[in-house]
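Asks: coordinates for the following, if possible.
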Amino acid sequence: MNRCTLTKQYLSFTIGSPDKHASTRSASPVDELVSLMLEFSGASVECRPIQPLSKKFVRVPGRATIKHLQRFLTKKLSLSDDIIVDIVCSEDDEIIEEHTTLWSIIHEMNIEKEELITLYYSFSVNNNKIS
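Replies: As a prediction, the model looks like this:
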């Protein structure tokens with residue numbers, strides 16, 4: 001189960017249930033929190049008007065995937081099932097695959113783990129949805 005909490009300007013969420021034995025183990029780098037800024041980059045003409053996130057700063061574990069961020073945005077913005085959320089690293093970049101972890105993005109882009117990472121999200125309508 002994912003849980004959301006608000007800390008100062010950052011919204012953070014955890015993945016899965018809390019681990020009872022977490023304090024007895026050393027933290028893995030993929031469990032360290034990553035700071036993100038989620039910027040709205042637009043929506044297709046078929047989409048109803050959608051307000052972007054009011055708080056665009058998010059802290060999530062490095063093991064979070066793009067799919068986790070898509071679900072987070074869908075829930076936070078109350079999007080219907082026919083809306084597709086696409087996430088990219090820069091406004092001119094290709095769409096990041098759902099299974100990609102934030103940790104792999106950090107490594108691929110040679111970003112320091114303490115740096116703020118900006119990801120851009122956009123919306124489109126899934127015309128292939130079977131009713």
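Asks: helices of this protein, residue ranges please.
Replies: For the chain, the helices defined by DSSP state H occupy 66-76, 102-108.
Asks: pretty sure Leu33 contacts Val60?
Replies: Yes: with contact defined as C-beta atoms under 8 Å, Leu33 counts as touching Val60 (6.7 Å). Glycine gets a C-beta too; all of them are placed from N, C-alpha and C.
Asks: would you mind measuring from Val60 to Ser80?
Replies: To Ser80, Val60 is 24 Å away according to C-beta to C-beta, to the nearest Å.
Asks: what angle do the strand ranked longest in the chain and helix 66-76 make?
Replies: Looking across the chain with DSSP state E, the single longest strand is strand 33-43. Angle, strand 33-43 to helix 66-76, by axes from the mean of the first three to the mean of the last three C-alpha atoms, to 10 degrees: 60 degrees.
Asks: relative to Asp92, how far out is Pro61?
Replies: The gap separating Pro61 from Asp92 is 28 Å, by C-beta to C-beta.
Asks: what's the answer for Leu77, then?
Replies: 24 Å.
Asks: more neighbours, these two?
Replies: Neighbours were counted for Leu77 and for Asp92 using other C-beta atoms under 10 Å; Leu77 has more, 17 against 7.
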